[in-house]
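Trainee: Turn this into a structure:
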Amino acid sequence: FRVVVVGGGPVGLTMAHTLSKAGIEYIVLERRPTVFEESGASLVIGPHGMRAFKQLGLYERLREISVEFIEAQTCTEDGRRYNRLSVTEVTSDDEGVTVRCADGTRYDASIVVGADGVHSAVRKHMRNIALKTSPKIKIDQEKPFVAEYRMLWASFPLQGDKHDGPPGFGGTSNCTDHSLQYVLGKDIGWIFIYERLPKPTRDPVRYTEEDVIAVGERWKDVAFGTKLKVKDVFSKRIHAGMTNLEEGVLKRWFFERIVLVGDAAHKFTPNPGQGYMNGMQDVLALTNVLHSVLQPYRGDENGEYTGGGPSTKILSAAFQRYQDQR
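Mentor: Below is the predicted model:
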């Protein structure tokens with residue numbers, strides 16, 4: 001039994017880790033050249049996530065590199081990895097799945113897990129397969145999530161006692177049609193500016209460096225705590241970017257041997273810090289149902305999976321249990 005995990009972001013890598021712990025063979029396909037690319041901001045780990053990290057044996061290392069979120073304030077306006085692989089086709093039949101990539105490579109497995117984010121290629125292929133197989137099936141539209149806001153994020157070096165609190169401190173500035181959020185880490189901090197779009201959209205947008213600078217300039221005088229303004233930290237930014245903030249939950253998270261986790265299945269705005277936390281819980285729930293359904297197929301004395309495997313019908317029922325749990 002083999003799993004193809006499409007997407008090497010936090011949720012995809014967590015999926016790989018849990019599969020490893022469960023003794024299930026896997027590969028991870030990632031279109032970027034590295035999984036450590038600076039393409040987002042910070043991760044918020046809640047209490048439920050801390051319990052999961054403890055179970056995965058990662059808790060102590062997490063405590064070493066993180067800071068505890070201690071206080072917030074509100075102000076006014078004042079296993080194996082293959083990089084550079086972009087999925088172009090996913091096919092599924094009673095025997096398994098095949099994933100084909102832009103470089104011509106092919107990966108055969110028992111199931112495919114789409115952990116490839118809000119604009120999931122796996123989700124698109126899953127939808128096409130479902131409609132081709134069952135034209136009257138009730139399934140989400142091709143662009144299922146709607147964005148009403150966009151977010152500029154930037155990381156910056158901490159500036160001594162110029163901030164309102166120590167590492168682990170955060171806050172917000174609430175305004176009309178825009179707001180600001182920030183959190184301070186050990187050596188760097190992150191700032192997030194949320195701005196309402198002129199109208200809701202389902203279409204993805206790639207913002208340029210000029211777009212990022214323009215938004216930073218527009219809100220440069222918004223208060224960043226009680227001592228600083230946006231311009232004081234944005235001018236010293238280490239990395240910055242901007243993205244639309246899609247929201248929504250799919251009605252169907254799987255079809256046959258294809259299943260979705262994380263932002264591919266449900267999209268949160270980042271301000272409550274629940275994106276990765278819910279993706280992690282998806283991964284744990286999915287791995288648990290897989291571990292259970294695969295027990296009859298553990299054939300050798302070491303408990304390894306030897307030949308055969310559950311049918312598409314059995315896997316679909318397991319995926320339904322996973323979605324119901326979530």
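
Trainee: Please point out which parts of stretch 165-173 sit buried.
Mentor: Residues Pro167, Gly168, Phe169, Gly170, Gly171, Thr172, Ser173 are the ones in stretch 165-173 that count as buried (16 or more other Cβ atoms under 10 Å). Every C-beta, even on glycine, is put in place using the N, C-alpha and C of the backbone.

Trainee: Narrow those residues to those in strands?
Mentor: Among these, the members found in strands (DSSP state E) are Phe169, Gly170, Gly171, Thr172, Ser173.

Trainee: mind putting these in CSV, pLDDT and distance to Lys132 included?
Mentor: Output for those, formatted as CSV (pLDDT from 0 to 100; distance: Cβ to Cβ, whole Å):
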residue, pLDDT, distance to Lys132
Phe169, 84, 52
Gly170, 84, 47
Gly171, 84, 50
Thr172, 84, 46
Ser173, 82, 49
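
Trainee: which one among these gets closest to Arg106?
Mentor: Gly170 (45.8 Å; Cβ to Cβ).

Trainee: Arg106: how many residues sit nearby?
Mentor: Around Arg106 there are 9 other residues, counting by other Cβ atoms under 10 Å.

Trainee: before we move on, what about the one 4 residues further on?
Mentor: Look at Ser110: counted by other Cβ under 10 Å, it has 22 neighbours.

Trainee: if I pick it, what's in contact with it?
Mentor: Phe1, Arg2, Val3, Gly96, Val97, Arg257, Gly309, Leu315 (Cβ atoms under 8 Å, 6 or more residues apart in numbering).

Trainee: Where neighbours are concerned, which of those has the most?
Mentor: Of those, with other Cβ under 10 Å as the count, Arg257 tops at 26 neighbours.

Trainee: I'd guessed that one sits against Val90; true?
Mentor: No: contact criterion Cβ atoms under 8 Å: Arg257 and Val90 do not qualify, at 9.5 Å.

Trainee: Find the residues that touch each one of these two.
Mentor: Val97, Val112.

Trainee: who are the neighbours in contact with the residue nearest to Gly114 when sequence neighbours are not counted?
Mentor: Excluding its sequence neighbours, the residue lying closest to Gly114 (Cβ to Cβ, 6 or more residues apart in numbering) is Val122, at 2.9 Å. Contacts for Val122 (Cβ under 8 Å, 6+ apart) come out as Val6, Gly7, Val87, Val90, Val112, Val113, Gly114, Asp116, Ile258, Leu260, Ala264.
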